[in-house]
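*Asks:* what follows is a predicted protein model with its sequence.
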Amino acid sequence: MSLTELPEIPGGWTSQTINLGPRSIQLTLPAVPDDFLDDPNVLKASRESDYMPYWAYLWPASTAMARLILSESWPEGTRALEIGCGVGLTGVAGLAAGLDLTFSDYDSTSVESAQRNAALNGFSSAAGVVLDWRKIASAGLPPFDVIIGCEVVYELGNHALVLDVLDQLMKDDGVCWIGDPGRHQCPGFCKLALSRGYKITLRDSDGQEVPLRDGQLDLQMNVFRLLVLTKATAT
């Protein structure tokens, strides 16, 4: 796959290899993500719908989460949805781990980029869908066994929307993995999730469960945590 097959973007594209231990993942991603912030089309979309090109960045928690996904033993045939897929690092790790994974983002260029990166790593038939969390039903998606998202709770305004996705697109006995680098908004998301009937356990970057501290979830600032959410109704 050559860079000439990719759409023109501010700052152009570059290539990067991410070492995940047992496997390396090749990525093609925006070379200068900040250049999007001055692009007239991005500025117009931002004025009209609060759009921000978050997909263009390789976020800090994505490598740690990709390692955890790759090291997990997923049951054969597990159907997964990645929300806010960005350039697809964690989703490609999921494909490499055996998940039947669908990429999703509200930016079509993100979805196309993730699918191209999947193909670059040997997964040419990976599915992708444009998904607006404010219009979930319009995507026509069935419930999934697993939903993954990396750094998707950095804005308070997205907390309820992420949980709406889980309400509608995660099976009752399913699981959601959310990777967070210890941003200050994460405790608020956990509080809201608990109030909406979700159970939460935490894992560290090595995959070990993090025990409660003084009866509370241990959400230290600037420390990676994997949030594992299940529905309280699950048996």
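*Replies:* Arrived safely, thanks for sending.
*Asks:* what count of nearby residues applies to residue 125?
*Replies:* Here the count is done by other C-beta atoms under 10 Å, and residue 125 has 8 residues near it. Heads up, the C-betas are built off the backbone N, CA and C, glycines and all.
*Asks:* next one: the top strand by length along the chain to chain centre, how far?
*Replies:* Criterion DSSP state E: the longest strand present in the chain is strand 170-180. Distance of strand 170-180 from the chain centroid (C-alpha atoms, centre = their mean, to the nearest Å) equals 11 Å.
*Asks:* and the average pLDDT for that strand is what?
*Replies:* Taken as a whole, strand 170-180 has an average pLDDT of 98.
*Asks:* just the CA trace of it, in CSV.
*Replies:* Extracted in CSV, the C-alpha atoms of strand 170-180 (Å, rounded to 0.1, in the frame of the first residue of the first chain):
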residue,chain,number,x,y,z
MET,A,170,-23.2,-4.0,23.7
LYS,A,171,-24.8,-7.3,24.5
ASP,A,172,-26.3,-7.8,27.9
ASP,A,173,-23.5,-10.3,28.7
GLY,A,174,-20.9,-8.3,26.8
VAL,A,175,-17.9,-6.3,28.0
CYS,A,176,-16.4,-2.9,27.2
TRP,A,177,-12.7,-2.0,27.5
ILE,A,178,-11.8,1.6,27.8
GLY,A,179,-8.2,2.7,28.0
ASP,A,180,-7.4,6.0,29.8
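*Asks:* other SSEs contacting the next helix or strand along the chain from it?
*Replies:* Using DSSP states H and E, the helix or strand that directly follows strand 170-180 along the chain is helix 186-195. Contact partners of helix 186-195 among helices and strands, from 3 or more C-beta pairs under 8 Å, 6 or more residues apart in numbering; DSSP states H and E: helix 156-169, strand 198-203, strand 225-231.
*Asks:* now, of those, which is deepest in the fold?
*Replies:* Across the helices and strands packed on helix 186-195, averaging neighbours per residue (mean count of other C-beta atoms under 10 Å) puts strand 225-231 on top, at a mean of 20.
*Asks:* what angle separates that strand from helix 186-195?
*Replies:* Put simply, strand 225-231 runs at 10 degrees to helix 186-195, going by axes from the mean of the first three to the mean of the last three C-alpha atoms, to 10 degrees.
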